[in-house]
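Undergrad: Fold the following.
(chains A and B)
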There are 2 protein chains.
Amino acid sequence: MKYVYLFSEVEEVESRCRGSWEAVRSLLGGKGANLAEMTRLGVPVPPGFIITTDACLDYLSDGGMSKDVWQQALEAVKALEQLTDSRLGDSSHPLMVSCRSGAKISMPGMMDTILNIGLNDEVAQRLIDQGRDSRFIYDCYRRLVQMFGNVVLGLEDDLFERLIDAQRRQAGVTDDSGLEAEDWRALVGRFKQFIRAHTDQDFPSDPYDQLRMATEAVFKSWNSKRAIDYRNASRIPHDMGTAVNVQAMVFGNTGEDSATGVAMSRNAATGHPEAEGDFLVNAQGEDVVAGIRQTRPLQELKTLMPDVHQQLLETAQKLERHYRNMQDIEFTIEGGKLYLLQTRDGKRTAQAEVRIAVDMVEEGLISKEEAVSRVKPAQVDFFLHPQIELTARRQAQVIATGLNVSPGAGVGRIALDSDTAEQWGKQEGKDVILVRSETRPDDVHGMLAARGILTSRGGRTSHAALVARQFGKPAVVGVANMEISMENRCIRIDQDLVIPEGEWISIDGGTGEVFSGKQPTVIPEFEDRHLIRILRWADEIRQLGVWANADYPRDAERARAYGAEGIGLCRTEHMFFEPERLPIVRSMIMADNPRERREALDKLLPLQRRDFEGLFRAMDGCPITIRLIDPPLHEFLPAYEELVLQLADLKLQLQHHKSIQEMDKTLEEIGLKSELLERVEFLRESNPMLGLRGVRLGILYPDLTKMQVRAIFEAACKCAGEGVAVHPHVMIPLTCHAAELKAQQAELEKTAKAVMRERDIKVPFHFGTMIEIPRAALTAGELAETAEFFSFGTNDLTQTTFGISRDDAESGFLLDYLREDVLEDNPFDTIDSNGVGRLMKIAVQDGRRTRPDLHVGICGEHGGDPRSVAFCHDLGLDYVSCSPFRVPIARLAAAHAVLKAGVSRKGAKP
Amino acid sequence: MKYVYLFSEVEEVESRCRGSWEAVRSLLGGKGANLAEMTRLGVPVPPGFIITTDACLDYLSDGGMSKDVWQQALEAVKALEQLTDSRLGDSSHPLMVSCRSGAKISMPGMMDTILNIGLNDEVAQRLIDQGRDSRFIYDCYRRLVQMFGNVVLGLEDDLFERLIDAQRRQAGVTDDSGLEAEDWRALVGRFKQFIRAHTDQDFPSDPYDQLRMATEAVFKSWNSKRAIDYRNASRIPHDMGTAVNVQAMVFGNTGEDSATGVAMSRNAATGHPEAEGDFLVNAQGEDVVAGIRQTRPLQELKTLMPDVHQQLLETAQKLERHYRNMQDIEFTIEGGKLYLLQTRDGKRTAQAEVRIAVDMVEEGLISKEEAVSRVKPAQVDFFLHPQIELTARRQAQVIATGLNVSPGAGVGRIALDSDTAEQWGKQEGKDVILVRSETRPDDVHGMLAARGILTSRGGRTSHAALVARQFGKPAVVGVANMEISMENRCIRIDQDLVIPEGEWISIDGGTGEVFSGKQPTVIPEFEDRHLIRILRWADEIRQLGVWANADYPRDAERARAYGAEGIGLCRTEHMFFEPERLPIVRSMIMADNPRERREALDKLLPLQRRDFEGLFRAMDGCPITIRLIDPPLHEFLPAYEELVLQLADLKLQLQHHKSIQEMDKTLEEIGLKSELLERVEFLRESNPMLGLRGVRLGILYPDLTKMQVRAIFEAACKCAGEGVAVHPHVMIPLTCHAAELKAQQAELEKTAKAVMRERDIKVPFHFGTMIEIPRAALTAGELAETAEFFSFGTNDLTQTTFGISRDDAESGFLLDYLREDVLEDNPFDTIDSNGVGRLMKIAVQDGRRTRPDLHVGICGEHGGDPRSVAFCHDLGLDYVSCSPFRVPIARLAAAHAVLKAGVSRKGAKP
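TA: Residues are numbered from 1 along each chain as shown, chains lettered A, B, ... in the order given. So this is what the prediction gives:
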């Protein structure tokens, strides 16, 4: 069994692994495989060899290194000596090597490294005698002893640093650059004494002992507590082991013809196809990272060492073509000779990711599919919202953190109520952030006028969160340590920080952070031509339709601009909350008799019709799914507690009135409020979520839904008459029994047909139902006898399937559950596939068994969540519908689902 | 094809139907089949024949009677003429027949009948000439014409009655008995004129025309609107058709040796094995029913006509032995000769049903299985509750009606609050009915002290209903037209009826009726030896275990007396509501820090332990399923609105105080209430049903559930040490995710084991979970990895599966749904098999796949509902658990499920 491979033996490994690069990485570790691969490509890499993960696993199970492994390592050292014309421990041409761990999956910070193996007193002295800089040599030597003491012998690094501190004090200098060769030499001695005193053994001066002990230490590090914890947290398996990379040392600090640096093969911020980077002449790699010296831009290397610069660019390009991705390269120049120490895919901004993906397709490097699959949904999201400028963000103070419920940066003056927000924002043209403990439907005007929303209560699907996402307003909710004082008109954070209304504040709805003051923002360009190409390619790939949830014509227009192919959810009741309509809606609810109710409905009809006309025009040619009234009626009335307190207050006032007129006015008001309170009490429910809403309203108050259907079809007929292609899909909410649907739908279809007869025009239409109650999913076969389409309302379906009220839970125990890992994911963010998903699967299967052409979509918040989109694809849905701002993300996610599942979902398991 | 059968040809029909009595009834109709069967038995039945349902169906599809059918009918008439030695239309020996419809399934009131066919002017005159009473003959004749006009010619019966009225006025008499022969004769003439005037045809004097038209009319009546509506309402298929029975007339009113009457083969009230009945000499059948003349008890017939009496008893016995059931017989004696006109299974009281079933087993008439299957669950229920005395009930005034949520009669003085109820009921020993708008946990002392509970709000599973059933208190809830005035201490029904507190009122929780005044009640004997035998037989048959829901030792004892084999649900939180404990529970909830909480828990521990000790002793040898705390904590605190109003009130008081001391006291109280309010606000949820309760509490406040488990196991160890056989099953409520169960159960098992180690005693125990959330059912396979048993909480499971809050819905839209037939059954009464049932099936299958010996039961209210018990049997559950008062019913229902499914459920489809 071969346990040790030279970097140059990569072909042998590959054939052993039957051509699987995955298997090569398993055997050699990620770092080793990359070094070997670079060697094969002819990239200048200091020579070295890899002791395989197999050797590590054997070592761990046997409790020691087998002779076989060590023998092979010694042979590899020999080969290394030949390649470098030097010998380990030889004082005239000493070989120095590094010894590094390298697992298959990178574990940053877990990596154990020992540099400069091969140095000892004799070798050091001889090198100095040969003219090498003595300070450099003793610095290298003390690093070896220090790393060895720490990594191999388990002494805390701090202890060595304290000895260095002492040396500095003794030498009267403040930093390491002030220490001379003699100081470092003295420290080597002290380090060795320290090791002897604390470990009962000497630092091994034999380089072979150094190498062997270093190798064993790396093996053992795989099972260190730190590594096990890391793997547990990152869900990396424990049975992979780590490889050990032994590589000849190169030094960038041996003179003015030496240097060290990092380079990106393209611009990591913009994606512009030109290499960029930083370097330092006569320096070590860690100096570049540490930022002690001012680095120089890569371009300057062109002047200093034109050939090496050219070689570097060519190498970067070669690596890019090989890995088909932008590369992040570490290089060292020793005596005018270029060495690459590492290459890996480079980190980049969202803009760069998109541009590079598109450019690489044009360069013929990758396919369109690969380009689409590289862009992450979160990167698309970035283009849709203003962002806090990067430099400012680094310096700004985070004063609080909440739930990141609607992305983007919002900057404005604090407004503590919606009327103030509207006054300042709409009429005075100021930027405002609406700050409330929580929002209610009658706050919508303030939310619309604000640049962002900040609340102290509520969860991911609270009213504030839902509305903010709907309108693309940045929002942070549930900031528990923020108190709002309406008396003093200020907010208080953690009791001590007080910010008065009118002051500037900044929020980042993408991270949930709240900053003090006015932070500068930048607006990424959605019209980015590269992004548009990526999304078009995604459209070619995806099989799911992408629709949007939109209640108003302006939302519909935006959705269409973002690529929505239909409206999956138009919530008609939002129209009821508009300020000029609410009184009519209330009079409808307060109606004592059918006649009064009809009068109110007659007033609402033309208003609703006008809204629908706007929608039909905006979505000319696309289907529009209109949901009939859903929320409990009491949502349209003032809150119970408010009324009770107002009444108590009014009664108190009665005692202080001075005039009969005043008293009469108050008494009248008391009468009105009492009547209102009576109605609110009547409509009050202990669990409104499970109460009189949705189709239940339609069955009890058929005139209400009939009015809505009349408005839809009057609008549809009118628009159709003007040449607009209309496709109304009428959706009945909250169905839990086939009988409800049958009763309601039959009535409503009659109304629809009556309107079309009256107008003498026929429009294509469909009736269908939400599936948002477990029983609806369980009896989908029966529902599909009536419904022509299903739309999963996964918000409510998640609530009832889990028995969890989202508003209560997301500001309460659900957070504890997530924090304490009882639940891995918030089911309101990502569809719970085992529970809610199982119901969806039952519904799709049973529904299509009854009606093979049943059209099925989803219109819950999950429709814009990439993992949920993938689930919907696998389930065979026809479309997902989400807020307009999530449409581009859903388009991409739908394409990803296809790419992940294979060519077609027809072959994939749902 | 044979369409007409003589009564005597029953064997021929039977062989045509291959021995299936079902098929015979389909062909001949129920009435015809019975008449034929009696004829075969040699019972004296006036001869006749049946025109089959086939003939009816042919008639309806062809639109007319085929020659074949009429030809066969004419031949049957000939046979009848031979049997009776008379001829149809022959004026010397005229045959008179009745023509009656008779479908397979009896449709009372739908039956069309024409009597006395065969009479015409000539025949009538000749009969009178032969010496028959002319008044009798013309009365018969006018009946023929009247029925014919109504049934065959479609004229409203009222019109004929008006002509009779006119005749009475003309004769100056007030009722029919005053009309003479001439009056009837004149009416025959008027009827005929009337028919001619309104139908353009004559009444047919040819008896063959009479018979043919009557037969066709009966056929046509099958598709009358009235019949179709009836079948739709009763879910009877429309494709069965009706048979026509043509039978020779017999008359009980031809002299003192004639009579007519009805008889029961046993006592229908008590089941005593002696025939009883009523008769009238020289009368017609309808006179007995009409109650115009005082009937005579059957015994008197023994003196009047001893032979006939003896023959009647023997016939009744013969029929009873044949039909193996108590018979309800109609008989007529014409000229000293007995004829039976009908026999059918007799209606009887619950006591009679039970006694007869047992007696018939002893008489060898029926098997034990049949006896068990005859007793209906509702009949068992009757034995468990006092009932309003029958005669009194007929005379009493029903003043209101509500939901019949807990059976039995309750009679007492109205008490409008629980303290009054307790004062009067417990301390003054009065009978009281607690009347409230709705009840809360702190009303329990008043409910316990009352004879019954009456509320104006709440549904079938409201607090009032649940507690009432639990304690077997009669209760009527949701009486919407009742208002309670606490100011005037009275109740008001329909605005106009006012009853002050302290007045007597009576309720029937089995029917939902409310009566004014003090109605007398009777208490059926549960210790009825016949009932006990039936239930023992049921126990031998059933496969489901029957357990009870019991929170207190006294309930457990009662449950055991009623036959419970274990406790399926002990709700520990009910113990928390006891008046002396509530303050401790509140201090636990109000605790500012873990130490204070621990102190409160330490005080609760010995109290809970004592409760459990009592339970273990009461259920020595039986399993006890103890559910850990379930309700949201705010249920233990005062209601939010109450506190708000109290605070407002206290603040108002501040302004009127006279002394500093008073003010200080109020201020202190304001402080305390404010603190309480703050906590209530913190715990307040918009949908408490879907909130922080059940296992969620256990995960957030692990000390609370650990205290409970400690109490359970300390009690179990103590009792086991005293020789009691204890079997604690610890049940975790509201699980929706396997991770919750894993986390909580592991902790609690540790506590249990620790206690057993401390006490150095081991008791057998199990841990398991409620399945009451859809997701729990959907992921039952995962839950069963941890849970050793499942118990379906079908109340909550129904709420979440339907998305219906029972409290809101059962006093609101659910009632509308049931009233308007949107739903056939209330899913809170009977398990919804398509939705909730499907989830249960998934849970049982997946759970047992993971853990084949998984023990599965149900502890929701449905456990006492017979149809739901059958469903649980089919599903293969191990047991049902219900309130102690439902245990006998569940025992019977479980046996019925076996008898219905066949010998064993192993062969039956779930």
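Undergrad: Tell me how far the residue in the stretch 451-600 of chain A that chain B sits nearest to lies from A:Gly812.
TA: Distances between the stretch 451-600 of chain A and chain B by C-beta to the nearest C-beta are smallest at A:Ser462, namely 10.5 Å. All C-beta spots, glycine's among them, are computed from the backbone N, C-alpha and C. Using C-beta to C-beta, to the nearest Å, A:Ser462 is found at 12 Å from A:Gly812.
Undergrad: which one of the two has more residues nearby?
TA: Shown here are A:Ser462 and A:Gly812; by other C-beta atoms under 10 Å in any protein chain shown, A:Ser462 has more neighbours (23 against 20).
Undergrad: quick one, what contacts that one?
TA: Counting by C-beta atoms under 8 Å, 6 or more residues apart in numbering or on different chains, A:Ser462 touches A:405, A:438-439, A:455, A:477-478, A:806-807, A:810-811.
Undergrad: that older thread, so for the residue of the stretch 451-600 of chain A closest to chain B, what's the pLDDT?
TA: A:Ser462 is assigned a pLDDT of 74 by the prediction.
Undergrad: Just give the number of residues close to the spatially closest residue to A:Glu14 that is not a sequence neighbour.
TA: What sits nearest to A:Glu14 in space, not counting adjacent residues and going by C-beta to C-beta, 6 or more residues apart in numbering or on different chains, is A:Val24, at 5.8 Å. For A:Val24, the count of nearby residues is 22 (other C-beta under 10 Å).
Undergrad: Tell me the secondary structure at A:Val24.
TA: helix (DSSP: H, G, I helix; E, B strand; the rest coil).
Undergrad: A:Arg440: neighbouring residues, count only.
TA: Around A:Arg440 there are 14 residues (other C-beta under 10 Å).
Undergrad: so who does it touch?
TA: Counting by C-beta under 8 Å, 6+ apart, A:Arg440 touches A:463, A:639.
Undergrad: And it, how close does it get to A:Gly446?
TA: Taken as C-beta to C-beta, the span from A:Arg440 to A:Gly446 is 10 Å.
Undergrad: Helices of the stretch 451-600 of chain A, start to end?
TA: In the stretch 451-600 of chain A, the segments counted as helices under DSSP state H, counting those that start in this stretch are A:463-471, A:529-541, A:553-561, A:572-576, A:582-590, A:594-618.
Undergrad: Buried deepest among those helices, which one?
TA: Of all the helices of the stretch 451-600 of chain A, helix A:463-471 has the most neighbours on average by mean count of other C-beta atoms under 10 Å in any protein chain shown, namely a mean of 24.
Undergrad: what's the angle between that one and helix A:553-561?
TA: Helix A:463-471 runs at 60 degrees relative to helix A:553-561, counting by axes from the mean of the first three to the mean of the last three C-alpha atoms, to 10 degrees.
Undergrad: Please list all residues in contact with A:Thr625.
TA: Per C-beta under 8 Å, 6+ apart, neighbours of A:Thr625: A:547, A:566-570, A:729, A:731, A:768, A:789, A:791, A:857, A:859, A:881.
Undergrad: rerun that using 7 Å as the cut-off
TA: A:567-570, A:729, A:731, A:791 (C-beta atoms under 7 Å, 6 or more residues apart in numbering or on different chains).
Undergrad: quick one: which of those is nearest A:Met107?
TA: A:Gly568 (42.9 Å; C-beta to C-beta).
Undergrad: what about the nearest residue to the closest one once chain neighbours are set aside, which SS state?
TA: Leaving aside its chain neighbours, A:Gly568 sits nearest to A:Ser881 (2.2 Å; criterion: C-beta to C-beta, 6+ apart). Classification of A:Ser881 by three-state DSSP places it in strand.
Undergrad: Just the pLDDT for A:Ser881.
TA: 98.
Undergrad: That one touches A:Gly860, doesn't it?
TA: No - using C-beta atoms under 7 Å, A:Ser881 is not in contact with A:Gly860; the gap is 8.7 Å.
Undergrad: wait, what's in contact with the residue of the stretch 251-400 of chain A found nearest chain B?
TA: Closest to chain B within the stretch 251-400 of chain A is A:Ala400: 20.3 Å, counting by C-beta to the nearest C-beta. Applying C-beta under 7 Å, 6+ apart to A:Ala400 gives the contacts A:479, A:481-482, A:493, A:514.
Undergrad: Just the buried ones from these?
TA: A:479, A:482, A:493, A:514 (16 or more other C-beta atoms under 10 Å in any protein chain shown).
Undergrad: so how far is A:Val476 from the closest residue to the second one other than its chain neighbours?
TA: Using C-beta to C-beta, 6+ apart and skipping residues adjacent in sequence, the residue nearest A:Met482 is A:Ser456, 4.6 Å away. Counting by C-beta to C-beta, the gap from A:Ser456 to A:Val476 is 10 Å.
Undergrad: Could you check which of those two has the larger neighbour count?
TA: More crowded of A:Ser456 and A:Val476, by other C-beta under 10 Å: A:Val476, with 31 against 21.
Undergrad: what are the bridge partners for A:Ala400, then?
TA: With DSSP bridges as the criterion, A:Ala400 is bridged to A:Val514.
Undergrad: My error: substitute A:Thr343 in the last question.
TA: A:Ile329.
Undergrad: That one contacts A:Ile329, doesn't it?
TA: Yes - the pair A:Thr343 and A:Ile329 passes the contact test of C-beta under 7 Å, sitting 5.0 Å apart.
Undergrad: Give me the distance between the closest residue to A:Gly768 other than its chain neighbours and A:Gly517.
TA: The shortest distance from A:Gly768 to any non-neighbouring residue, by C-beta to C-beta, 6+ apart, is to A:Phe789 (3.4 Å). A:Phe789 sits 50 Å away from A:Gly517, going by C-beta to C-beta.
Undergrad: Of these two, which one has the most company?
TA: A:Phe789 (22 against 14).
Undergrad: Tell me the bridge partners for the more buried one.
TA: Going by DSSP bridges, A:Phe789 forms beta bridges with A:His855.
Undergrad: sorry, back to before: so which of the buried ones among the contacts of A:Ala400 belong to strands?
TA: Residues of the buried ones among the contacts of A:Ala400 located in strands (DSSP state E): A:482, A:493, A:514.
Undergrad: Which pLDDT does the model give the last one?
TA: Confidence per residue is given as pLDDT, and for A:Val514 that number is 95.
Undergrad: can you check the one 4 residues further on too?
TA: In the prediction, the pLDDT value recorded for A:Lys518 is 93.
Undergrad: what about it, how many neighbours?
TA: There are 15 residues near A:Lys518, going by other C-beta under 10 Å.
Undergrad: just A:Glu501 next, same as before
TA: Neighbours of A:Glu501 (other C-beta under 10 Å): 20.
Undergrad: quick one: contacts for it?
TA: Contacts of A:Glu501 by C-beta under 7 Å, 6+ apart are A:414-416, A:489-490.
Undergrad: Read off the pLDDT value for A:Ala648.
TA: At A:Ala648, the model reports a pLDDT of 78.
Undergrad: For the stretch 601-750 of chain A, which residues are neighbours of chain B?
TA: A:641, A:644, A:648, A:685-692, A:696, A:699-700, A:734, A:736-737, A:739-740, A:743 (C-beta under 7 Å from any C-beta of the partner chain).
Undergrad: Output the below-cut-off pLDDT ranges for the stretch 801-910 of chain A.
TA: A:811, A:902-910 (pLDDT under 70).
Undergrad: If we use 90, what do you get?
TA: A:806-822, A:824-825, A:860-861, A:885, A:901-910 (pLDDT under 90).
Undergrad: joint contacts of A:Ser881 and A:Gly860?
TA: Common neighbours of A:Ser881 and A:Gly860 (C-beta under 7 Å, 6+ apart) do not exist.
Undergrad: For chain B, what is the nearest residue in the stretch 51-200 of chain A?
TA: A:Ile105 (25.8 Å).
Undergrad: what sits against A:Phe279?
TA: A:Phe279 touches A:259-261, A:288, A:295-296, A:298, A:301, counting by C-beta under 7 Å, 6+ apart.
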